[in-house]
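Asker: I would like the atomic coordinates for the input below:
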Amino acid sequence: MYEDFLREVRRLGNLGHAASVLRWDQEVVMPEEGTGARAEQISTLSTQMHELLTSERMGRWLEELEPRGRREAAVLREVGRRHERAVRVPERLVEEISRTASEAFPEWNRAKREDDFERFAPYLERLVELKRRYAGHVEPDVEPYEVLFQDFEPYLDLRDAEDLLEEMRRGLSPVVEEIGAGGAEPGSPLGEVPEERQMALVIRALELLGFDFARGRLDTSPHPFSTGNQFDARITTRVGSDPLDSLLSAVHEFGHALYTLGLPVDHYATPLGEPRELTVHESQSRLWENHVGRSLAFWRFFTPVLNETFGTDASPGEVYRGVNRVRPHPVRVESDELTYHLHVALRFEIERDLVAGEVEVDEVPGLWNDGMERYLGIRPESDAEGCLQDVHWSHGSFGYFPTYSLGSMMAAQLYASASEEIRGLDDIVERGEFETLSSWLREEVHRHGQVYTTDELVERATGAPLSSEPFLAYVGEKFGELYGF
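Answerer: Numbering: from 1, shown residues only. Have a look, this model is predicted:
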């Protein structure tokens with residue numbers, strides 16, 4: 001009976017992966033006039049997935065099957081959790097959410113391009129309303145935002161997550177203030193670089209880091225993202241005025257892709273071959289972006305490649321100081337490693353109030369700009385670089401943003417453990433031997449799929465529960481040295 005159940009689980013998984021490819025296509029290469037048909041296609045797949053997940057047969061299997069061992073227990077736990085939530089949600093609502101999100105993405109893209117929040121506002125309002133209804137069906141007695149957060153992080157309680165985020169904010173604030181008050185701001189040694197050279201550098205970096213182009217691809221998109229599975233991992237970046245931003249965005253997405261490609265091949269399309277949710281996923285991207293990509297060891301290795309590609313004469317120290325410049329920026333993905341988390345805090349604050357019905361959609365631009373001034377001391381010059389900057393709301397992804405900061409905490413904790421277990425890790429990175437770190441992450445994180453819950457996984461890998469302390473210790477040491485405090 002378990003094998004019949006697993007076949008149905010694989011069908012469910014394959015439908016999900018097919019929908020992901022369609023979403024990738026829409027965000028990267030689909031012609032604009034394809035939106036209507038694509039909305040129907042993804043809506044149809046979402047409905048089929050809902051039907052499979054909520055079928056009487058699936059319910060019987062979940063009720064009657066007795067697991068033989070930890071892996072079977074994990075599969076039943078993960079499918080059971082999804083089934084329990086899905087059976088409470090009407091199929092028509094699932095279809096409507098999927099269709100609306102598919103229609104909202106191109107409108108967000110145009111609104112951002114044209115700096116026209118009013119164009120996107122009706123879609124945002126509709127998605128907020130639909131997601132409230134969804135949350136009300138899943139857990140009518142629980143705060144809607146908490147229900148939505150569980151879609152992205154089911155194994156960390158929202159209140160515990162809030163405590164961790166508050167510890168992070170309290171620890172970061174004096175560091176940011178100290179830097180702003182007296183530190184000599186590191187500068188970037190690079191000027192403007194043509195887009196083709198930026199992409200050439202990104203490709204070379206991915207090759208050296210170990211991205212498997214036989215099982216992956218790189219493209220550009222309005223907002224960098226990663227999707228795929230262990231056979232087909234796709235990442236995007238964007239090019240702009242600062243060539244180091246496009247590089248670090250790609251390294252961030254490489255971390256996601258490396259996790260995806262490191263999942264067990266034999267368990268594809270089942271929970272054993274799927275990544276743990278977003279806190280763990282973001283820990284992988286933030287680890288590679290910050291603990292590797294912004295490290296002095298990496299730039300001692302990679303600066304000659306940069307100079308050869310760009311025709312510059314920068315030193316490793318100059319580039320290291322440049323990529324660790326602490327300077328408030330209105331755009332999250334172009335922010336420094338520290339003030340990035342103040343962006344996350346603002347988005348978290350606004351979307352939680354939106355879902356709770358405490359603010360209206362038309363208030364968002366003003367709340368955003370006031371929040372930027374309160375948190376960062378700057379005001380965006382447009383909604384395009386303000387409340388329209390991120391793609392997530394066009395997907396209806398309310399509850400996602402806390403995982404960026406939670407993932408950064410986990411990244412610091414994982415990297416600290418890797419440094420203890422791998423002798424001379426900085427020297428290894430400086431030599432460009434990235435497979436050593438990749439192998440450690442595969443062993444401790446990737447190969448487990450969804451066998452362990454988030455808290456179990458981090459404690460197995462590091463010997464301690466998720467904590468803000470390793471992150472704050474890392475920040476204090478690194479930026480204290482850079483800025484002399």
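Asker: where does residue 387 fall, helix, sheet strand or coil?
Answerer: At residue 387, secondary structure determined by DSSP: H, G, I helix; E, B strand; the rest coil is coil.
Asker: meant to ask about residue 423, not that
Answerer: Judged by three-state DSSP, the three-state class of residue 423 is coil.
Asker: In contact with it: list those residues for me.
Answerer: Counting by C-beta atoms under 8 Å, 6 or more residues apart in numbering, residue 423 touches no other residue. C-beta: built from backbone N, CA, C; applies to glycine.
Asker: so how far is residue 60 from it?
Answerer: 53 Å (C-beta to C-beta, to the nearest Å).
Asker: Surely residue 80 is in contact with residue 62?
Answerer: Yes: counting by C-beta atoms under 8 Å, residue 80 sits close enough to residue 62 to count as a contact (4.8 Å).
Asker: residues contacting the closest residue to residue 123 other than its chain neighbours?
Answerer: Of all residues beyond its chain neighbours, the one nearest residue 123 is residue 104 (3.8 Å), with distances taken as C-beta to C-beta, 6 or more residues apart in numbering. Contact partners of residue 104, counting by C-beta under 8 Å, 6+ apart, are 120, 123, 124, 126, 127, 394, 395, 396.
Asker: what's the following helix or strand after the helix or strand hosting the fifth one?
Answerer: Meaning residue 127. Assigning secondary structure by DSSP states H and E places residue 127 in helix 117-138. Moving toward the C-terminus from helix 117-138, the next helix or strand (DSSP H and E) is helix 144-152.
Asker: Show me what that next one packs onto, helices and strands only.
Answerer: helix 117-138, helix 158-182, helix 340-356 (3 or more C-beta pairs under 8 Å, 6 or more residues apart in numbering; DSSP states H and E).
Asker: ok, 6 Å please
Answerer: Using 3 or more C-beta pairs under 6 Å, 6 or more residues apart in numbering; DSSP states H and E as the contact criterion, the neighbours of helix 144-152 among helices and strands are helix 117-138, helix 340-356.
Asker: Take those helices and lay them out in JSON lines including distance to residue 13, mean pLDDT and mean neighbour count.
Answerer: Converted to JSON lines, these look like this (distance: least, C-beta to C-beta, whole Å; pLDDT from 0 to 100; neighbours: other C-beta atoms under 10 Å):
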{"stretch": "helix 117-138", "distance to residue 13": "21", "mean pLDDT": "97", "mean neighbour count": "19"}
{"stretch": "helix 340-356", "distance to residue 13": "29", "mean pLDDT": "95", "mean neighbour count": "21"}
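Asker: Next, give phi and psi for residue 229.
Answerer: Dihedral pair for residue 229: phi -150, psi -170, per degrees, to the nearest 10.
Asker: Can I get the helix holding residue 127 as CSV, trimmed to CA atoms?
Answerer: Below are the C-alpha coordinates for helix 117-138, written out as CSV (Å, rounded to 0.1, in the frame of the first residue of the first chain):
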residue,chain,number,x,y,z
PHE,A,117,1.7,51.7,-8.1
GLU,A,118,-2.0,52.3,-9.0
ARG,A,119,-1.7,49.9,-11.8
PHE,A,120,-0.6,47.1,-9.5
ALA,A,121,-2.8,48.1,-6.5
PRO,A,122,-6.0,46.3,-7.6
TYR,A,123,-4.1,43.0,-7.9
LEU,A,124,-2.4,43.4,-4.6
GLU,A,125,-5.8,44.2,-3.0
ARG,A,126,-7.3,41.1,-4.5
LEU,A,127,-4.4,38.8,-3.5
VAL,A,128,-4.5,40.1,0.1
GLU,A,129,-8.2,39.4,0.2
LEU,A,130,-7.8,35.9,-1.3
LYS,A,131,-5.0,35.0,1.1
ARG,A,132,-7.0,36.1,4.1
ARG,A,133,-9.8,33.8,3.0
TYR,A,134,-7.3,31.0,2.5
ALA,A,135,-5.9,31.5,6.0
GLY,A,136,-9.4,31.6,7.4
HIS,A,137,-10.2,28.2,5.9
VAL,A,138,-6.9,26.6,7.1
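Asker: what's it in contact with?
Answerer: Surrounding helix 117-138, the residues in contact under the criterion C-beta atoms under 6 Å, 6 or more residues apart in numbering are 85, 88-89, 97, 100, 104, 107-108, 111, 144, 147-148, 354, 361, 365, 383, 393, 396, 398.
Asker: And for stretch 75-89?
Answerer: Looking at stretch 75-89 with C-beta under 6 Å, 6+ apart, the contacting residues turn out to be 9, 50, 53, 54, 58, 62, 67, 134, 137, 138, 271, 450.
Asker: Now the two most distant members of those residues.
Answerer: Greatest spatial distance in the contacts of stretch 75-89: 67 and 134, 29.5 Å, computed using C-beta to C-beta.
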